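Trainee: Here is the input, now give the coordinates:
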Amino acid sequence: MGHLIGRRILGAAATFILSTLVVFGAAFALPGDPARVIAGRRTVPEATLRAIRIKYHLDETLPQQYLRWLGGLLRGDFGQSYASRRPVTDILVEALPVTAKLLGLTLVVELTGGAVLGVLAAGRRGGRFDSGVLASCVIGLAVPAFVLGAVVQDVFGVRWRILPVAGTSSTFAYVLPACTLAVTGYAVAARVMRSQAMTHRSEPHVVVARAKGVSEGAITRRHVVRNALIPFVTFVGLEIGTLAGGSIVTERIFNLPGVGRVVARAISQRDNALIIGFTMAVIAVYLVVDLLADLVAVVLDPRLRVQ
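Mentor: The predicted structure is shown next:
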């Protein structure tokens, strides 16, 4: 077990270092001059721009900038925002509570709904309920978030006046954005659980248990769900990073003052330091969650330790 954890940690560390190269290079490949962003996008003398480049080390070569930035990153320093002149860490921490609430509720909605409906659909394979779940999955994968967000705002907020359509005035303000963000993940979760549940329902030990008169509910709880959770846990690890990226669009639609809206503004302002800081934070969280998901999968299925 310790050897497995060590290998996973080394793999995660190598992935993180390689991702820093890709993210840093991609951010500086964007069009525009960061020095002009720092100057406020106004007409300034070339001498002022030169002084800004020297202050923020933008006059150095790209490898030199990368090594300087990587050294700070390994010390927990994400740099300073070009636009607001504030530490990137402080900006992200201030906006984090809103995004954390949104992502937490989103995970509850999509994982609970996807797991439960997927298992139920597997037990009613070919029936109307199964067809309805599959149809909802197709719709969830096909409809873009910005379209769905506009629709639910109009229906539940404007016409029916059931839920708030923007802001964070109350806890209920997170319901519509969370449901909007959860649709795609729900579709994938339901299909994963349905497929795995159908596979394990035909396993020999399940057939024997059914022949002995064990109830379908007991079979589902003891034999089907536990084994089906192994790939589902892996999906959860992947979904964390996907949700963090998807929150950018959703928070803009529902005007939530979270990390997504901050990063969307940073992209429009060419604020490389903030863009890179957010991306690396998402990658770090994804790697940690993925490592934890692997360990949970090993606990659920000890055979993975041998593999």
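Trainee: Mark out where each domain of the protein begins and ends.
Mentor: 16-74, 96-306 (automatic domain parsing).
Trainee: Give me the mean pLDDT for the first one.
Mentor: Averaging pLDDT along domain 16-74 yields 80.
Trainee: and it, how far from the chain's centre?
Mentor: Remark: domain 16-74 is offset 27 Å from the chain centroid, using C-alpha atoms, centre = their mean, to the nearest Å.
Trainee: Name the single longest helix found in the protein.
Mentor: Once the chain is assigned using DSSP state H, the helix that runs over the most residues is helix 88-123.
Trainee: tell me which residues in it are buried?
Mentor: Neighbour counts using 16 or more other C-beta atoms under 10 Å place 88-89, 91-92, 95, 98-99, 101-103, 105-107, 109-111, 113-115, 117-123 of helix 88-123 among the buried residues. C-betas here are computed from N, CA, C, even on glycine.
Trainee: what's in contact with stretch 256-272?
Mentor: With contact meaning C-beta atoms under 8 Å, 6 or more residues apart in numbering, stretch 256-272 is reached by 27-28, 30, 32-34, 37, 81-83, 91-92, 95-96, 98-99, 102, 166-168, 173-174, 177, 244, 247-252, 255, 274-275, 278.
Trainee: Ignore what I typed, I meant stretch 240-255.
Mentor: So stretch 240-255 is contacted by 98-99, 102-103, 106-107, 145-146, 149-150, 153, 165-167, 173, 176-177, 180-181, 184-185, 256-261, 263-264, 282-283, 285-286, 289 (C-beta under 8 Å, 6+ apart).
Trainee: Now do the residue lying farthest from the centre of the chain against Arg201, distance only.
Mentor: For the chain, the C-alpha farthest from the mean C-alpha position belongs to Lys212; by C-alpha atoms, centre = their mean, that distance is 43.8 Å. Separation of Lys212 from Arg201 (C-beta to C-beta, to the nearest Å): 15 Å.
Trainee: can you check Ala83 too?
Mentor: Taking C-beta to C-beta as the measure, Ala83 falls 55 Å from Arg201.
Trainee: those helices in the stretch 1-150 of the chain, which residues are they?
Mentor: 2-28, 34-38, 46-55, 62-74, 88-123, 128-142, 145-152 (DSSP state H, counting those that start in this stretch).
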